[in-house]
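S.K.: output the structure for:
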Amino acid sequence: MASKVEMEVECKSNAEKIWNNIRDSTTVFPKALPHLFEGIEVVEGDGKSVGSVRLIKYPPGLSAISSIKEKIELVDEEKKTLSYSVIEGGVYTNFKASLSVSTKGSDGGSVVKWWCEYDKAREDCPNPDLIKDFGTKTFQDLDAFILANP
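M.R.: Model (predicted):
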């Protein structure tokens, strides 16, 4: 049976800026978040469209996983939503994740919602809270980067 992890991060940056930086994560994340992403390479497609495959490389010592391959499954620019699956690497099977970016109130901020479903490949797989913590840090640090680089 699939397990689920959900998280939500409130950002000071507006939804459009957060969304655009997520969509350009192939180039933005390694530059803005080098402590979390060593590099992101496009393996198939353009790295943004449905069917694109990206190789995500993590810095040495960050976790037991040095890299994963993810495939973009859905993109909805109007709703600022995307979904992807991990097709190689990782310690979970059937890992599918989605995220959405929305405007928060009238203060110009935004909310990033991220959720995933997965099966443990083995009973001794790491606690999925690590995934939630990594996602939270990614979007908090991305927000800080955007605010510092308008």
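S.K.: tell me which other helices or strands the helix or strand in which Glu16 is found touches.
M.R.: Using DSSP states H and E, Glu16 sits in helix 15-23. Counting contacts by 3 or more C-beta pairs under 8 Å, 6 or more residues apart in numbering; DSSP states H and E, helix 15-23 packs against strand 92-104, strand 109-120, helix 129-148. In this view, the C-beta of every residue, glycine as well, is placed from N, C-alpha and C.
S.K.: and the gap between the residue lying closest to His35 once chain neighbours are set aside and Thr138?
M.R.: Closest residue to His35 apart from its sequence neighbours, by C-beta to C-beta, 6 or more residues apart in numbering: Pro59 at 6.6 Å. With distances taken as C-beta to C-beta, to the nearest Å, Pro59 is found 13 Å from Thr138.
S.K.: which residues are in contact with both of those two?
M.R.: Common contacts of Pro59 and Thr138 (C-beta atoms under 8 Å, 6 or more residues apart in numbering): Leu36.
S.K.: who has more neighbours, those two?
M.R.: Legend: neighbour count by other C-beta atoms under 10 Å for Pro59 and Thr138, higher for Thr138 (20 against 15).
S.K.: excluding chain neighbours, what is closest to that one?
M.R.: Thr138's closest residue in space is Leu36 (C-beta to C-beta, 6+ apart), at 5.9 Å.
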